[in-house]
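> Everything below, folded, please.
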Amino acid sequence: MPDLFDTPTTPDAKAPDTAPRPLADRLRPKKLAEVIGQPQVLGPDAPLGVMLESGALSSLVFWGPPGVGKTTIARLLAFETDLHFVQISAIFTGVPDLRKVFEAARHRRANGQGTLLFVDEIHRFNKAQQDSFLPHMEDGTILLVGATTENPSFELNAALLSRAQVLVLDRLSLTDLEHLAQRAERELDRQLPLTGPAREQLLEMADGDGRALLNLIEQIAAWKIDAPLDPKSLQARLQRRAAQYDKSGDAHYNLISALHKSVRGSDPDAALYWLTRMLAGGEDPRYLARRITRMAVEDIGLADPQAQRVCLDAWETYERLGSPEGELALGQAVTYLALAPKSNAGYAAYKEAMRAAKTTGSEPPPKIIRNAPTQLMKDEGYGQGYEYDHDAEDAFSGQNYFPDGMKRGVYYLPKERGFERDLKKRLDWFVSLRAKKQKGQDT
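Next up, the predicted model:
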């Protein structure tokens with residue numbers, strides 16, 4: 001029976017010679033050794049190299065950005081293991097289509113032919129659709145190779161992940177892209193009409209995406225020009241490729257983590273870079289304003305109490321000016337945070353106090369610090385023995401404010417940095433006064 005979504009198994013299967021073929025299709029590798037990049041996956045001691053050498057290929061999930069070879073590698077795996085290659089996309093495939101794919105694979109298996117089912121954008125399938133693969137993976141009807149640009153930990157079911165090995169494919173390096181450009185020039189039988197700097201700019205424009213690079217090269221090859229183009233001329237003719245960024249995807253969390261850690265690491269240049277990367281990708285500046293303010297609270301705290309105010313002012317400035325001028329205020333706030341003294345003492349103290357609050361249950365305050373607005377409460381001893389600190393020596397009574405019978409907690413441990421250095425001196429002074437008064441009461 002004919003196969004749904006059937007794709008030629010051999011990688012060198014071609015359309016008729018009269019049909020125009022894109023450069024990316026003409027340069028498609030015919031064996032794994034021709035794949036550019038991904039040595040961490042394809043090398044002799046890398047996972048796929050070891051699997052092919054041992055003849056034991058397992059189900060896989062390729063995780064990586066667009067244009068790094070996920071589809072090509074899957075097709076070549078089928079060819080090199082003599083499996084029938086079937087390709088589907090989760091975007092266009094429903095449950096009835098999946099049933100036909102599985103049925104065709106069963107017939108193929110009965111005739112002695114295995115099936116490598118390549119599922120592009122596999123993270124787009126819902127839980128029920130992902131679960132439908134499991135029995136066919138377990139009984140050997142299919143060898144599943146999924147491809148995703150999103151973090152499999154968040155997007156794929158645990159049951160599916162437990163039956164497949166996740167392999168991470170990296171964006172192509174500038175060296176990889178240069179090798180690809182040279183391969184394209186050999187196919188075209190001519191050099192690209194670019195100066196050295198313009199060629200470097202072209203590779204940067206591809207942003208690690210091999211398919212994007214070949215599309216750009218195909219455009220350039222069609223131009224009729226008399227002299228090599230410089231970077232300015234190339235930029236005028238080509239639209240720079242939009243940066244890969246998904247405001248709700250893995251890139252979003254990776255970049256906000258990079259921004260936060262650059263601020264924490266006191267690197268204003270790196271912090272500004274990640275901030276502008278997110279803004280250039282279309283991130284909501286209000287989200288960034290909130291996260292920047294959070295950094296001031298968590299990572300700087302009382303080492304520089306002014307930092308929080310700087311962030312709130314920047315947030316308000318953005319609300320008043322909007323984009324793009326208001327974004328400059330966010331950049332200035334990020335620079336201030338990166339250069340500010342760092343302390344998470346307040347953050348750590350709050351978490352430790354919260355832990356103690358949850359473990360001590362409903363312990364009431366000691367009676368000496370409870371208000372006594374009624375006679376009954378006075379009779380119960382509320383407020384008796386309370387010392388008004390302003391009337392005490394040094395305006396410090398040293399009384400216990402924790403619940404009776406509860407061991408005194410020590411949560412706030414200020415750092416010897418910034419304004420907290422002064423706070424630590426005050427705290428140490430109060431600790432010594434408290435110990436002194438306690439000693440006096442004991443004697």
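> how many neighbours does the closest residue to Leu144 other than its chain neighbours have?
When the adjacent residues along the chain are set aside, Leu144 lies closest to Ser59, with 4.3 Å between them (CB to CB, 6 or more residues apart in numbering). From N, CA and C alone the C-beta is placed, and that goes for glycine too. Residues lying near Ser59 (other CB atoms under 10 Å) number 18.
> wait, is Gln399 part of a helix?
No: counting by DSSP: H, G, I helix; E, B strand; the rest coil, Gln399 falls outside a helix, being coil.
> Next, give phi and psi for the nearest residue to it once chain neighbours are set aside.
Closest residue in space to Gln399, ignoring its immediate chain neighbours: Glu387 at 5.9 Å, by CB to CB, 6+ apart. When read as degrees, to the nearest 10, the backbone of Glu387 gives phi -110, psi 130.
> Identify, by residue count, the longest helix of this protein.
Secondary structure of the chain per DSSP state H: the longest helix is helix 420-442.
> Now tell me what touches it from outside.
301-303, 341, 343, 345, 394, 396-398, 412, 414-416 (CB atoms under 8 Å, 6 or more residues apart in numbering).
> Just the ones of those in strands?
Judged by DSSP state E, the subset of the contacts of helix 420-442 located in strands is empty.
> what two of the residues you listed have the greatest distance between them?
Pro341 and Ser397 (32.2 Å; CB to CB).
> burial of Pro47, as a residue count?
By other CB under 10 Å, neighbour count at Pro47 equals 16.
> Sorry, slip of the keys, the one I care about is Phe396.
Neighbour tally, Phe396, other CB under 10 Å: 15.
> got a list of what the closest residue to Leu213 other than its chain neighbours touches?
In this structure, Leu213 finds its nearest non-sequential neighbour in Ala206, 3.7 Å apart by CB to CB, 6+ apart. Residues near Ala206 by CB under 8 Å, 6+ apart: Gly67, Leu172, Leu177, Ala212, Leu213, Leu216, Arg241.
> cutoff 6 Å now
The neighbourhood of Ala206, defined by CB atoms under 6 Å, 6 or more residues apart in numbering, consists of Leu177, Ala212, Leu213.
> sorry, back to before: of the contacts of helix 420-442, buried ones?
Gly301, Leu302, Ala303, Pro341, Ser343, Ala345, Ser397, Gly398, Tyr412, Pro414, Lys415 (16 or more other CB atoms under 10 Å).
> In helices, which of these fall?
Short answer: the buried ones among the contacts of helix 420-442 in helices (DSSP H) are Ala345.
> And the buried ones among the contacts of helix 420-442, which is closest to Ala289?
Gly301 (18.5 Å).
> I figured that closest one hits Pro341, correct?
No: using CB atoms under 6 Å, Gly301 is not in contact with Pro341, being 9.5 Å away.
> What separation do you get for the most centrally placed residue in the chain and Leu288?
By CA atoms, centre = their mean, the chain has its centre lying nearest to Asn254, at 2.5 Å. Asn254 is 15 Å from Leu288, where distance means CB to CB, to the nearest Å.
> pLDDT wise, what is the residue nearest to Leu144 at?
We have a pLDDT of 95 for Ser59.
> List the contacts of it.
Met137, Leu143, Leu144, Arg163, Ala164.
> Now these in a markdown table, please, with extra columns for secondary structure, neighbour count and pLDDT.
Below are the contacts of Ser59 laid out as a markdown table (DSSP: H, G, I helix; E, B strand; the rest coil; neighbours: other CB atoms under 10 Å; pLDDT from 0 to 100):
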| residue | secondary structure | neighbour count | pLDDT |
| --- | --- | --- | --- |
| Met137 | helix | 18 | 95 |
| Leu143 | strand | 22 | 96 |
| Leu144 | strand | 22 | 96 |
| Arg163 | coil | 16 | 93 |
| Ala164 | coil | 20 | 94 |
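> so how many other residues sit close to the nearest residue to Val168 once chain neighbours are set aside?
Distances taken as CB to CB, 6+ apart put Trp63 closest to Val168, at 5.3 Å, once the chain neighbours are dropped. Neighbourhood size, Trp63 [other CB under 10 Å]: 23.
> Which parts of the stretch 51-200 of the chain are helices?
70-80, 95-110, 127-131, 134-138, 152-155, 158-161, 174-188, 196-206 (DSSP state H, counting those that start in this stretch).
> what's the closest of those to Asp379?
Comparing these by CB to CB, helix 152-155 comes nearest, at 60.3 Å.
> Can you list the buried residues in that closest one?
For helix 152-155, by 16+ other CB under 10 Å, it's Pro152, Glu155.
> Where does pLDDT dip in the stretch 1-150 of the chain?
Along the stretch 1-150 of the chain, segments meeting pLDDT under 70 span 1-19.
> run the last query once more with 50
Residues of the stretch 1-150 of the chain meeting the criterion pLDDT under 50: 1-5, 8, 15.
> quick one on the thing from earlier: and the residue nearest to Leu213, how far from Glu185?
From Ala206 across to Glu185, the span is 15 Å (CB to CB).
> What of Trp315?
51 Å.
> swap in Glu204?
When Glu204 is compared with Glu185 (using CB to CB), they lie 18 Å apart.
> same thing with Gln308?
Distance, Gln308 to Glu185, by CB to CB: 56 Å.
> Which of these two has more residues huddled nearby?
Using other CB under 10 Å as the criterion, Gln308 and Glu185 rank with Gln308 on top: 18 against 14.
> Which residue is the nearest non-sequential neighbour of that one?
Closest to Gln308 by CB to CB, 6+ apart is Ala296, at 4.4 Å.
> what sits against that neighbour?
Ala307, Gln308, Cys311, Leu337.
> Kindly recompute the last result at 10 Å.
By CB atoms under 10 Å, 6 or more residues apart in numbering, the contact list for Ala296 reads 263, 304-312, 333, 336-337, 340.
> thinking again about what came up before, on the pLDDT front, check the residue nearest to Leu213 for me.
For Ala206, pLDDT reads 89.
> same check, this time on the one 5 residues further on
Each residue has a pLDDT score; the one for Arg211 is 92.
> SS state for Ala356?
Ala356 ends up helix, using three-state DSSP.
> Would you enumerate the residues in contact with it?
By CB under 10 Å, 6+ apart, the neighbours of Ala356 are Phe402, Met406, Lys407, Gly409, Tyr411.
> Which of those residues sits closest to Gln235?
Of those, the one sitting nearest to Gln235 (CB to CB) turns out to be Tyr411, at 56.3 Å.
> Which residue, other than its chain neighbours, is closest to the closest one?
Ala349 (4.0 Å).
> Mind listing what's buried along the strand or helix carrying the one you found?
Using DSSP states H and E, Ala349 maps to helix 345-359. Residues Ala345, Gly346, Ala349, Tyr350 are the ones in helix 345-359 that count as buried (16+ other CB under 10 Å).
> mean confidence score for it?
92.
> how far is that helix from where the chain is centred?
28 Å (CA atoms, centre = their mean, to the nearest Å).
> now stretch 202-210
How far stretch 202-210 lies from its chain's middle: 21 Å, per CA atoms, centre = their mean.
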